[in-house]
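Novice: Okay, sequence plus prediction incoming.
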Amino acid sequence: MPTPSSDDAFAEVKAKVDLVKVVQEHVRLTKRNKDFWGLCPFHQEDSPSFKVNPQMQSWYCFGCERSGDVFTFVELIEKTDKRGALQLLAERAGVELKKLSPEQKERSDSRKRLLAMLKLAAQFYEYVLWSTPAGEPGRRLLGSRQVKEETARRFQIGYDPAGRGFADYLRAKKRSLEDAQEAGLLRRDGTDFFAERVVIPIRDERGQPLAFTARTVRQDEQRKYINSPETHVYVKGRVIFGLDLARDEIARRGHAVLMEGQFDVITAHGSGVPNAVASSGTALTDDQVRLLKRFTDELLLVFDADRAGRQAAQKAVLLAAGHQMRTRVASVEGAKDPDEFLRAAGEDAAKRWEQLATKAPSGFEFGMEEAAAGLNLSNANHVELAARRLREWIAQFPTAIQEEYRERAKRWMGVSGHLLAAEPDERRNSGRPNATKVGKNGLATPPAGKKMTVGRYLLQLLAVRPVAFDRVRTKITPDELDEEDRGIYVRMLETYERGGVFGLEKELAGYPAEEQDLIRRAWAAPPPNVDEEVAVELAERIRLDHMKGRHSGIIRELSEAERGKDSERVARLEAEARELARAIADMERRG
């Protein structure tokens with residue numbers, strides 16, 4: 001393959017291709033005098049400003065002021081480089097770019113034979129599906145999946161009948177069975193590899209079939225889907241399913257919708273989401289991201305709703321970030337995947353999809369929500385766990401954006417910056433496990449990560465000094481305690497109100513075993529300071545932590561409301577957040 005500086009190769013190719021014909025494959029041209037005019041394919045416009053001069057074999061857009069020759073046009077339209085444009089146009093013109101060695105020529109010829117065989121197979125399967133009685137099982141399956149014929153034909157979906165239908169067709173056409181076997185279309189015994197299956201071509205970005213995925217029509221078949229093997233024309237980690245159909249809509253809408261399965265994409269295109277593509281049944285790869293980046297800088301990730309799907313979305317967010325691509329992550333509500341979501345929406349599919357996409361958080365925000373999933377951010381231990389997960393999440397992004405993401409995470413969680421710092425306090429204090437912070441009245445703050453929470457300290461103090469309930473119960477409500485401490489606090493308070501300072505000793509035998517153990521341990525080894533002022537400080541700290549947790553929750557709700565453009569809800573949440581922030585600030589000043 002020559003380098004782009006090989007003038008002879010460029011000159012030979014340019015002499016054999018007509019710019020007007022190349023452009024007409026992408027732009028509707030109208031002749032005016034000697035020139036041709038059309039709407040520019042490289043920017044949005046309502047009146048034609050794109051001119052092609054057939055004499056000079058050049059083009060110019062008066063709107064975006066781009067210009068060039070046939071190579072420049074192919075570079076831009078195919079999102080490739082000059083080397084790629086030369087190769088594409090050389091294949092079109094039948095120009096052999098360099099003399100190949102015998103091994104290279106054999107490989108090149110083999111590639112051409114396989115591509116031709118795959119194209120022939122796609123045509124055969126499609127014909128069987130729509131034009132023969134043998135295609136009825138395939139038509140029934142597509143009907144059950146609500147795939148209309150118009151959509152199916154765009155994807156060139158076909159059907160391979162039972163037995164040796166394709167093999168017999170090749171014999172009749174006197175075509176090579178060996179090539180078909182090498183392409184993964186026939187088994188070694190000569191039977192069709194995709195027999196009794198709906199067959200979906202996996203095509204490259206230019207529409208050339210490279211492989212197939214096939215879904216069985218039989219209820220007793222355990223392998224629902226089978227796929228072509230990888231060959232020297234098909235490496236699944238380098239192909240994006242549906243890109244040939246979605247590329248123009250991706251450019252128009254400014255983003256690609258990336259899904260997991262082929263039927264997700266087929267249903268999406270039939271439901272008004274024509275910029276949908278899939279990673280062809282594999283985890284997203286660097287090659288696939290580079291391919292997508294030729295067409296857009298933003299991905300909307302819509303994977304399956306299960307745990308595996310969420311994990312795949314997180315990996316895709318990180319991979320895209322490494323290529324400076326923006327991501328958002330949408331969650332299909334009440335469905336296991338986009339296919340099910342869109343089919344259930346029926347005629348409202350496009351509208352429901354727009355609502356889902358509008359609410360989609362950024363990829364980084366999605367990861368933050370995953371880090372806090374299942375945690376109570378009014379619980380100090382849970383906050384530390386969420387912060388640790390967030391530190392791990394942020395550390396996987398490119399270094400250049402980590403500081404910005406730490407700031408965003410800090411605001412989102414409503415925590416101080418040290419919890420999310422690249423070198424958190426607990427790492428700097430390694431080797432000093434007993435390091436503590438001393439507050440007023442000599443109260444020691446338990447080291448981060450220890451099981452002794454503020455709430456548990458308070459319960460031990462009240463077990464030893466029940467009279468402190470008189471002051472504590474005016475400072476906090478049971479709802480402000482962690483769920484694991486709330487029950488025992490209420491039970492101890494009721495016991496105190498019934499039996500006074502000696503009530504706990506009288507009623508302890510009726511407590512659950514775990515709660516009895518906590519109280520007896522406190523009696524055997526009392527906290528270092530059981531002063532009533534300490535009890536009050538503990539209660540106030542619990543209330544403050546609870547308020548901060550509520551404030552963080554409101555901020556998260558506010559982000560969701562802003563994305564959903566719910567102005568009334570935004571105003572209400574902003575007012576609640578301001579009022580709560582003032583109350584928090586007042587408590588911190590008093591403390």
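Specialist: Nice, I can see it.

Novice: mind listing the helices for the stretch 301-450 of the chain?
Specialist: Assigned by DSSP state H, counting those that start in this stretch, the stretch 301-450 of the chain shows helices spanning 307-321, 338-345, 349-359, 363-372, 380-395, 399-413, 425-428.

Novice: Indicate which one of those helices is closest to Glu540.
Specialist: Between Glu540 and the helices of the stretch 301-450 of the chain, the tightest spacing by CB to CB is seen for helix 380-395, at 14.1 Å. Just so you know, the C-beta spots here come from the backbone N, C-alpha and C atoms, and that holds for glycine as well.

Novice: For the helix ranked longest in the chain, list every residue counted as buried.
Specialist: Counting residues, the longest helix found in the chain (DSSP state H) is helix 532-563. Within helix 532-563, the residues that qualify as buried are 532, 534-561, counting by 16 or more other CB atoms under 10 Å.

Novice: all strands for the stretch 51-200 of the chain, in order.
Specialist: 58-61, 67-68, 158-160, 197-203 (DSSP state E, counting those that start in this stretch).

Novice: May I see those arranged in JSON lines, with mean neighbour count and distance to Thr296 as well?
Specialist: Formatted as JSON lines, the strands of the stretch 51-200 of the chain follow (neighbours: other CB atoms under 10 Å; distance: least, CB to CB, whole Å):
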{"stretch": "strand 58-61", "mean neighbour count": "20", "distance to Thr296": "21"}
{"stretch": "strand 67-68", "mean neighbour count": "14", "distance to Thr296": "22"}
{"stretch": "strand 158-160", "mean neighbour count": "27", "distance to Thr296": "30"}
{"stretch": "strand 197-203", "mean neighbour count": "26", "distance to Thr296": "19"}
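
Novice: so which of those strands gets nearest Lys351?
Specialist: Nearest to Lys351, of all the strands of the stretch 51-200 of the chain, is strand 197-203, at 27.2 Å by CB to CB.

Novice: mean confidence for that closest one?
Specialist: Taken as a whole, strand 197-203 has an average pLDDT of 96.

Novice: picking up where we left off before, packing partners for the longest helix of the chain?
Specialist: Contacts defined by 3 or more CB pairs under 8 Å, 6 or more residues apart in numbering; DSSP states H and E place helix 532-563 against helix 349-359, helix 399-413, helix 454-464, helix 469-472, helix 567-590.

Novice: Including distance to Trp393 and mean pLDDT, could those go into JSON lines?
Specialist: Below are these laid out as JSON lines (distance: least, CB to CB, whole Å; pLDDT from 0 to 100):
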{"stretch": "helix 349-359", "distance to Trp393": "21", "mean pLDDT": "92"}
{"stretch": "helix 399-413", "distance to Trp393": "8", "mean pLDDT": "87"}
{"stretch": "helix 454-464", "distance to Trp393": "27", "mean pLDDT": "89"}
{"stretch": "helix 469-472", "distance to Trp393": "38", "mean pLDDT": "91"}
{"stretch": "helix 567-590", "distance to Trp393": "24", "mean pLDDT": "81"}
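
Novice: Nearest approach to Arg389 belongs to which of those?
Specialist: Closest approach to Arg389 among the helices and strands packed on helix 532-563 (CB to CB): helix 399-413, 10.3 Å.

Novice: Of all the residues in that closest one, which ones are buried?
Specialist: By 16+ other CB under 10 Å, the buried positions in helix 399-413 come out as Tyr405, Arg406, Arg408, Ala409, Lys410, Trp412, Met413.

Novice: Could you pull up the residues touching the last one?
Specialist: Taking CB atoms under 8 Å, 6 or more residues apart in numbering, we find Met413 in contact with Met368, Ala372, Leu377, Val383, Ala386, Ala387, Leu390, Leu419, Leu420, Ser552.
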